[in-house]
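A.B. asks: Sequence unavailable; structure follows:
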């Protein structure tokens, strides 16, 4: 009982440390953001009071069916400005929004206030969104600190690999694609950098890092090639979603189909790395337990471990893509589309490309990783035998 009590105290102390750290991050981000908020389009406000919402009278005085559909609502609010030249002042405003859209503000919350000015001097106010940046920073820091206090050095290495991957994508790949670089080579570059960073941070046995890296990259390459086959056989352009169409109109020279294929690479690398590293770790444990284990038995062990992981990982991968496109699926279904029309829809086809390409990538990662591990182990044993023969002579 004393041991359990000690463990319980340690867990509580670690949770308390995580809470204190996340609270400090929340406060720091809140202070810095409000002090340096320079958005010319919005102000951060603290909502003190809110009146009842009412319909904006139509110009004709009669509510037609079309006007009912696009009914404007207005609501009196009392807010205190937290940013801008009038910071600290309290104002009574009348905000408007389209019925069924926008944010429904509640007193005590903080929001982004937008002001639209018209040629006749009139002003219209609206609540664009909730002010959530400090809360996002606090929750992310709390989750990260939990990983650090409970997983220790392993958790730190995992966060380091994740941080490098995010930096590679957001500060490397994305700006270069926008600048006009080809998306597919950048996708492979991102996969390589992400894989190297993750393997270096996560795989403890340095002599097997090359195995995990080659196995994962082999799986990603196979998944990409299968994605290319599907894209061209299904005649997909990458323009199915509204975001892709808007991107194509904003950046006319961008390769939208290349962006789709690059997303296949980047979307698959996380799951593929998981399988490759897990197989490598399992086979390494077997070698540590029995250094003379037959290579054929070692290869079968890697294949069996990968086979059991495959079912859950494929399930995770495909459900993740379905979940991310759930709103679109519901919209298409609500429009009366049948199953045939649903699967013929280009947006759903693009999601299938990413799901099936990722599945093939996972499938190929297993034999690639197991084979690379056996080849390296065979080379290591041969080198050790030659050294011992040299000492004997």
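C.D. replies: Yep, that arrived. Predicted model, so just to flag it, every value in this text is computed and none were measured.
A.B. asks: how much space between residue 293 and residue 373?
C.D. replies: As for residue 293, its distance to residue 373 is 12 Å (criterion: CB to CB, to the nearest Å). C-beta coordinates here come from the backbone N, C-alpha and C atoms, glycine included.
A.B. asks: Can you pick out the residue with more neighbours from those two?
C.D. replies: Taking other CB atoms under 10 Å, residue 293 and residue 373 do not tie; residue 373 has more neighbours (28 against 15).
A.B. asks: Surely that one touches residue 280?
C.D. replies: Yes. Judged on CB atoms under 8 Å, residue 373 makes contact with residue 280 at a distance of 6.3 Å.
A.B. asks: Identify the contacts common to these two.
C.D. replies: Counting by CB atoms under 8 Å, 6 or more residues apart in numbering, the residues touching both residue 373 and residue 280 are 208, 211, 215.
A.B. asks: for those residues, which one is nearest residue 348?
C.D. replies: residue 215 (30.9 Å; CB to CB).
A.B. asks: For that closest one, give its distance to residue 364.
C.D. replies: For residue 215, the distance to residue 364 equals 9 Å [CB to CB].
A.B. asks: more neighbours, those two?
C.D. replies: More crowded of residue 215 and residue 364, by other CB under 10 Å: residue 215, with 31 against 21.
A.B. asks: Look up how far residue 372 lies from the more buried one.
C.D. replies: Remark: distance between residue 215 and residue 372 (CB to CB) = 5 Å.
A.B. asks: Could you report the pLDDT at residue 56?
C.D. replies: With respect to pLDDT, residue 56 has a value of 77.
A.B. asks: Contacts only, for it.
C.D. replies: Taking CB under 8 Å, 6+ apart, we find residue 56 in contact with 71, 72, 73, 74, 96.
A.B. asks: Can I have the buried ones of the residues you listed as a ChimeraX selection?
C.D. replies: Applying 16 or more other CB atoms under 10 Å to these, the buried members can be selected in ChimeraX as follows:
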select :73,74,96
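A.B. asks: Looking at pLDDT only, which of the contacts of residue 56 scores worst?
C.D. replies: Among those, residue 71 carries the lowest pLDDT, at 79.
A.B. asks: mind listing what that one touches?
C.D. replies: When contacts are counted by CB under 8 Å, 6+ apart, residue 71 touches 55, 56, 63, 98, 99.
A.B. asks: In strands, which of those fall?
C.D. replies: If you go by DSSP state E, the contacts of residue 71 have 55, 98 in strands.
A.B. asks: quick one: stretch 351-369 to chain centroid distance?
C.D. replies: Between the centre of stretch 351-369 and the centre of its chain there are 19 Å (CA atoms, centre = their mean, to the nearest Å).
A.B. asks: likewise stretch 222-232?
C.D. replies: Stretch 222-232 sits 22 Å away from the centroid of its parent chain (CA atoms, centre = their mean).
A.B. asks: which non-adjacent residue is nearest residue 172?
C.D. replies: Computed as CB to CB, 6 or more residues apart in numbering, the closest residue to residue 172 that is not its neighbour in sequence is residue 190, at 7.1 Å.
A.B. asks: Tell me which helix or strand the one you found sits in.
C.D. replies: helix 183-202 (DSSP states H and E).
A.B. asks: packing partners for that helix?
C.D. replies: Applying 3 or more CB pairs under 8 Å, 6 or more residues apart in numbering; DSSP states H and E, one finds that helix 183-202 makes contact with helix 153-168, helix 174-178, helix 209-233, helix 256-289.
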